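Student: I would like to see how this sequence folds:
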Amino acid sequence: MIKIKLKDGKVCEIERGTTALTFLKSLSNSLAKKALSVKINGVNSDLMTPLNNDCSIDFMTFEDAAGRWALRHSASHVLAQAIKRIYGEKNVQLAIGPAIDNGFYYDIDMQKQLSQSDLDKIQKEMEKIVKENLPIERREVKREDAIKLFEAKGEKYKVQLIKDLPEDVLITLYTQGEFTDLCAGPHLVSTGKIKALKLQNVTGAYWRGNAKNKMLQRIYGTAFEKKTDLDAYLNMLEEAAKRDHRKLGKELDLFSLHEEGPGFPFFHPNGMIIRNELINYWRSVHRRYGYQEIRTPMILNRQLWEQSGHWDHYKENMYFTKIDGEDYAIKPMNCPGGMLVYKTQPHSYRELPLRMAELGLVHRHELSGALHGLMRVRNFTQDDAHIFALPSQIEGEIQSIIDLFDEIYSTFGLSYHAELSTRPENSMGSDDVWEKSTAALRNALENRGLKYVVNEGDGAFYGPKIDFHLMDSLGRTWQCGTIQLDMLMPEKFDLTYTGEDGQKHRPVMMHRVVYGSIERFIGILIEHYAGVFPVWLAPIQAKILPVTDKHADYAFALKKKMFDLGLRVEVDDRNEKVGYKMRECQVKKVPYILVVGDKELAENTVSVRKHGEQATNAMPADQFISLLQKQIADKA
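Tutor: Residues are numbered from 1 along each chain as shown. Next up, the predicted model:
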């Protein structure tokens, strides 16, 4: 007998060799129907895995990321099997087919260029394989036997993958019906568990992501446990396409991207209004939270970047130049400059925490294929802050930062969840420093009662971090805010303060961003609001439409009055019908349309229509102005 520890702490004794699924059925038939995989001592595994030793287990359903991963990984194998059935064993060579966030893909090498009609045919064959409910069986074979098997099938990519594995390992294969694939798993018990799937598109992809290798065809798809969930996801994608910030950015004349500067966005007047309002709001909040704003140079010499560690750990993402024969780098981060500012004068423990904020323009070399509108660019403004604190102040400062995050994110209607990222492989510093830093972040999260997940090995090279993932109106998440604890940089730059004992001590440093990148945050807001910005952010807050020329003077007088109060208002006095101009305002997503005709002129009123509504309400012009001012002040 062996002992099995369940997630709730309960311990069961079972016969050695019992499969995880058989054991689960003895616990709960309903959960056995929903389970897709099982974590054994933290490792996601097949439900058919025999339990041979004492262990802890946790069953994964579609609600768990690991369960979704197993289902979608199995769907990628169903895709490969369907392609082989339709186009023939010898006419298709398979590369890799993993699960990914929200779906899966498979890279294939075949002469025929696939189209949407081909994807429809492949999907029908996949649905047929699902109905066949083929058992998915795992087995391990010797390396040389696996090579022979795939060489006989003409699968050169699989052979290459196997040859790149260590010689002493057993090779894992999965078989469903007539189809066998090389794979580490885990997979579902059978193909019938994939209740809903959809092939989405086909693109090109280089073998192993190397442009020197052959271009393959990559088929993307997604899979769900229920058709209703699939339909909801596809509807969300359709809505997301309508909200695409690149499309709306062009329609609303916010920004543009040009071949002359790939990855370097150009902001237009309308976009600059949104950008400046975000910056003004950022400054007002930071002033209340005790931050001082600084500005540091964009280009600094090689010695500084070597001292900070960026030259050794971040060089491939940096741009360089020479000045007077010396090597310089364009800053990818603001941190080293902030530390030089700190060093310009001595500091006492009474000054700490010292909070220095910077809206710094940084440049990072991103691969051209990774560039995506404002979401992934090569230059962006990082709303950085560097906090120098006593070790005893760490947790209190983190709590204060989270308070600031709460205030700013709630203003935009964005909720978030937190992720704690720990020490990466290419890190600097001792084990002791890393353990203390990570524990400080973990304690701050737990003492606040904030739920979080742990990302092992995903910290910065100089310290652990907490990332804040924002959820938009479509339920999508975006990583924006970050708190990074750094006990290494103060050491490298010899930063000190004078303590109560009169001696020199080392401060703790915290790196922190709220927006993350102003450019990216604007892209997120465009999609979050679908271009319908709240009044305080809208480039044009109200547009006045005179019914005829005789009402134009009243319209322009009203505009001047509003403009002088700091409101953003325009008059459309073109010789067009009011209905036409109103429809145009709706397309441009202007928050308020003010129609002025004979009655309005005589009574000093306006007829107000709010964006997205059909009703028009008459009110005194001064009353509308007060309404608009209050909405702006409240950031409603």
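Student: helices of the stretch 301-450 of the chain, start to end?
Tutor: For the stretch 301-450 of the chain, helices defined by DSSP state H, counting those that start in this stretch occupy the ranges 302-308, 310-313, 335-342, 394-411, 431-448.
Student: quick check: mean pLDDT across the fourth one?
Tutor: Helix 394-411 shows a mean pLDDT of 92 in the predicted model.
Student: one more: stretch 373-384?
Tutor: Mean predicted confidence for stretch 373-384 is 95.
Student: so how far is that stretch off the chain centroid?
Tutor: In terms of CA atoms, centre = their mean, to the nearest Å, the centre of stretch 373-384 is found 13 Å from the chain centre.
Student: now stretch 620-627
Tutor: Counting by CA atoms, centre = their mean, stretch 620-627 comes out at 41 Å from the chain centroid.
Student: cool, stretch 73-81 as well?
Tutor: 26 Å.
Student: now do the strands in the stretch 201-350 of the chain.
Tutor: Taking DSSP state E, counting those that start in this stretch as the test, the strands found in the stretch 201-350 of the chain are 215-224, 255-256, 266-267, 292-293, 299-301, 319-323, 326-330.
Student: select, out of the ones you listed, the one closest to Arg583.
Tutor: strand 255-256 (24.6 Å; CB to CB). (Each C-beta comes from the backbone N, C-alpha and C, glycine too.)
Student: low-confidence regions, the stretch 501-636 of the chain specifically.
Tutor: Along the stretch 501-636 of the chain, segments meeting pLDDT under 70 are nowhere present.
Student: could you pull out the strands for it?
Tutor: For the stretch 501-636 of the chain, the strands defined by DSSP E, counting those that start in this stretch cover 504-505, 508-513, 542-546, 569-571, 592-596, 605-610, 617-620.
Student: now render those as TSV, adding mean neighbour count.
Tutor: Below are the strands of the stretch 501-636 of the chain laid out as TSV (neighbours: other CB atoms under 10 Å):
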stretch	mean neighbour count
strand 504-505	14
strand 508-513	24
strand 542-546	25
strand 569-571	20
strand 592-596	24
strand 605-610	20
strand 617-620	13
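Student: can you give me the end-to-end span of stretch 207-222?
Tutor: Length of stretch 207-222, first residue to last, CA to CA, to the nearest Å: 22 Å.
Student: buried set for that stretch?
Tutor: Applying a neighbour-count criterion of 16 or more other CB atoms under 10 Å, one finds Trp207, Arg208, Leu216, Gln217, Arg218, Ile219, Tyr220, Gly221, Thr222 buried in stretch 207-222.
Student: in a markdown table, list these along with pLDDT.
Tutor: As requested, those are arranged in a markdown table below (pLDDT from 0 to 100):
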| residue | pLDDT |
| --- | --- |
| Trp207 | 93 |
| Arg208 | 88 |
| Leu216 | 95 |
| Gln217 | 96 |
| Arg218 | 96 |
| Ile219 | 97 |
| Tyr220 | 97 |
| Gly221 | 97 |
| Thr222 | 97 |
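Student: any idea which of the strands of the stretch 201-350 of the chain is most buried?
Tutor: Ranked by mean neighbour count, these are led by strand 215-224 with a mean of 21 (mean count of other CB atoms under 10 Å).
Student: need the residues that contact that strand.
Tutor: 62, 71-72, 75-76, 79, 83, 95, 102-110, 113-114, 119, 122-123, 194-207, 230, 233 (CB atoms under 8 Å, 6 or more residues apart in numbering).
Student: do stretch 53-61 as well
Tutor: Against stretch 53-61 from outside (CB under 8 Å, 6+ apart): 2-7, 16, 20, 23-24, 31, 34-42, 44, 51, 66-67, 70.
Student: and those, which are buried?
Tutor: Among the contacts of stretch 53-61, those scoring as buried are 4, 20, 23-24, 34-40, 44, 51, 66-67, 70 (criterion: 16+ other CB under 10 Å).
Student: quick one: which of these sit in strands?
Tutor: Among these, the residues falling in strands (DSSP state E) are Ile4, Ser37, Val38, Lys39, Ile40, Asn44, Leu51.
Student: which of those lies closest to Gln382?
Tutor: Asn44 (35.6 Å).
Student: buried ones among the contacts of strand 215-224?
Tutor: Applying 16+ other CB under 10 Å to the contacts of strand 215-224 flags 62, 71-72, 75-76, 79, 83, 95, 102-109, 114, 119, 122-123, 194-200, 202, 205, 207, 230, 233 as buried.
Student: now do the contacts for the closest residue to Ile518 other than its chain neighbours.
Tutor: Nearest residue to Ile518, sequence neighbours excluded (CB to CB, 6 or more residues apart in numbering): Thr381, at 4.4 Å. Residues in contact with Thr381 (CB under 8 Å, 6+ apart) are Leu359, Gly360, Leu361, Val362, Ser517, Ile518, Glu519.
Student: figure out which of the strands of the stretch 201-350 of the chain is closest to Phe405.
Tutor: Closest among the strands of the stretch 201-350 of the chain, once you apply CB to CB, is strand 292-293, at 18.3 Å.
Student: bridged to the residue nearest the centre of the chain, which residues?
Tutor: Nearest to the mean C-alpha position of the chain, counting by CA atoms, centre = their mean, stands Trp478 at 3.4 Å. Applying DSSP bridges to Trp478 gives these bridge partners: Leu470.
Student: could the strands of the stretch 201-350 of the chain be laid out in CSV, adding distance to Ile593?
Tutor: Output for these, formatted as CSV (distance: least, CB to CB, whole Å):
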stretch, distance to Ile593
strand 215-224, 40
strand 255-256, 25
strand 266-267, 26
strand 292-293, 38
strand 299-301, 48
strand 319-323, 46
strand 326-330, 45
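Student: and those strands: which comes nearest Gly373?
Tutor: Nearest of those to Gly373, taken as CB to CB: strand 255-256 at 8.6 Å.
Student: list the helices and strands the closest one packs on?
Tutor: For strand 255-256, the packing partners by 3 or more CB pairs under 8 Å, 6 or more residues apart in numbering; DSSP states H and E come out as helix 245-251, strand 266-267.
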